[in-house]
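>>> Build the 3D model from these lines:
(one chain, ligands or ions: 1)
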Amino acid sequence: MLNKKMLNKKNTFLITGGAGFIGSNLAAYLLQNNQKVIVLDNLENGLNSNIKFLENLYGEFNFIKGDIRDFNTCLIATKNVDYVLHQAALGSVPRSMKNIHLYHENNISGSLNILESSLKNNIKKVVCASSSSVYGNTPILPKVETMSTTPLSPYALGKLTVEYYSTLYSNTFNLPTLNLRYFNVYGPRQNPLSAYAAVIPKFIKSFKANQNIEIYGNGEQTRDFTYIENVIDANIKAAFSDNKSNGEAINIGCGYKITINQLAKTIKNILTSTGEIIYKQNRLGDVSDSLADINKAKKLIDYKGNITLDIGLDKTINWYKGN
Ligand SMILES: NC(=O)c1ccc[n+]([C@@H]2O[C@H](COP(=O)([O-])OP(=O)(O)OC[C@H]3O[C@@H](n4cnc5c(N)ncnc54)[C@H](O)[C@@H]3O)[C@@H](O)[C@H]2O)c1
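This is a model prediction of the structure:
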């Protein structure tokens with residue numbers, strides 16, 4: 001999948017949000033490939049157990065417990081770093097609807113601190129985690145990066161604003177940046193316990209215990225679920241790509257969509273669960289359908305996205321069975 005030559009030389013990566021789901025998987029992969037990794041996380045949603053897990057891996061690892069809203073912390077964290085993989089953010093569309101100022105401060109102002117400190121410390125490239133939510137509810141599928149964006153929540157607006165800031169930092173101040181628009185990422189270490197947890201870990205946890213699951217709306221909404229290994233592949237290739245990195249936004253998905261009903265039935269069958277589906281009212285800010293066109297990612301960063309939903313679900317369910 002990944003061109004291992006990219007990781008032949010030892011580089012230093014700062015992973016913001018590295019105690020979280022995507023960040024800790026990225027950190028683990030880089031450490032296993034003999035890279036130096038620094039994680040900056042305030043542990044707001046990240047887990048101490050993820051940091052413990054990283055400390056036990058082979059490789060040079062440092063953890064800074066700190067907040068991206070503090071500029072001085074960002075300056076210290078980006079010192080002597082080659083690449084920044086910026087994952088820190090508050091997730092959850094529904095939570096953002098009730099906490100607009102908090103999301104602004106955390107996800108927009110915090111990211112601005114990361115960009116500014118990266119510029120001051122001559123970072124080679126900043127790869128920012130963006131989101132498919134920037135497209136909003138436009139009916140046309142698949143989503144192509146040239147389409148207009150219509151964010152429907154403070155969370156989505158924050159992601160789009162950070163894309164603009166990173167483009168500004170590239171075009172005006174020559175800081176190489178790329179934005180990866182993730183489409184519903186899933187895999188090991190995704191937290192199923194929060195009230196706003198993503199559907200796959202939530203469904204696995206409930207069905208595994210033969211409990212009922214809840215679906216908002218009629219379940220016919222579709223999503224392009226992306227296995228974590230595809231996202232790792234994308235981040236590392238984005239960091240090392242020779243292409244112009246001037247804040248381009250790139251879809252990172254699988255290019256395949258499934259309804260939430262189909263997904264629930266698949267997981268229920270794999271786990272031979274007696275849990276049932278309970279339908280609840282649609283949530284404000286949720287989009288109906290989502291599917292990525294991944295041609296730009298293939299062309300620009302040689303992204304493959306070839307771990308399919310079948311394979312990814314299998315790997316994920318097996319992981320949760322053992323953990
Ligand atoms: N998981 C998905 O499906 C998905 C989809 C689209 C975009 N994204 C984006 O990918 C990134 C990673 O997502 P994730 O699923 O791993 O979420 P996560 O909540 O597991 O990880 C985010 C991490 O950021 C940390 N964090 C939040 N605010 C911080 C702050 N102010 N200072 C320092 N650390 C802070 C949290 O403690 C957490 O560990 C996020 O930017 C998210 O918006 C995720």
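
>>> Relative to the ligand, how far out is Y135?
Distance, Y135 to the ligand, by CB to the nearest ligand atom, to the nearest Å: 12 Å. Heads up, the C-betas are built off the backbone N, CA and C, glycines and all.

>>> How many neighbouring residues does that residue have?
As a burial measure, Y135 scores 29 neighbours (other CB atoms under 10 Å).

>>> I'd say it and S288 touch.
No - with contacts counted by CB atoms under 8 Å, Y135 stays clear of S288, the gap being 11.2 Å.

>>> any shared contact partners between those two?
Residues touching both Y135 and S288 by CB atoms under 8 Å, 6 or more residues apart in numbering: none at all.

>>> Contacts for the helix ranked longest in the chain, please.
Identified as the longest helix of the chain according to DSSP state H is helix 154-173. Here helix 154-173 makes contact (CB under 8 Å, 6+ apart) with 89-93, 95-97, 99-100, 103-104, 107-108, 111-112, 115-116, 118-119, 126, 128, 130-131, 133-134, 136, 149, 151, 175-179, 181, 245-247, 249, 285.

>>> List buried residues within those residues.
Among the contacts of helix 154-173, those buried by neighbour count (16 or more other CB atoms under 10 Å) are 89-93, 95-97, 103-104, 107-108, 111-112, 115-116, 118-119, 126, 128, 130-131, 133-134, 136, 149, 151, 175-179, 181, 245-247, 249, 285.

>>> Contacts only, for K257.
141, 222-224, 289-291.

>>> Which one (most neighbours) among those?
D224 leads the contacts of K257 on contacts (other CB under 10 Å) with 27 neighbours.

>>> Tell me if I'm right that it and I252 touch.
No - applying CB under 8 Å, one finds D224 not in contact with I252, separated by 9.8 Å.

>>> okay, and the common contacts of these two?
183, 292.

>>> before we move on, the earlier item: from the contacts of K257, pick the one nearest the ligand.
The closest of the contacts of K257 to the ligand turns out to be R223 (CB to the nearest ligand atom; 9.4 Å).

>>> Could you work out the most separated pair of the contacts of K257?
L141 and R223 (11.3 Å; CB to CB).
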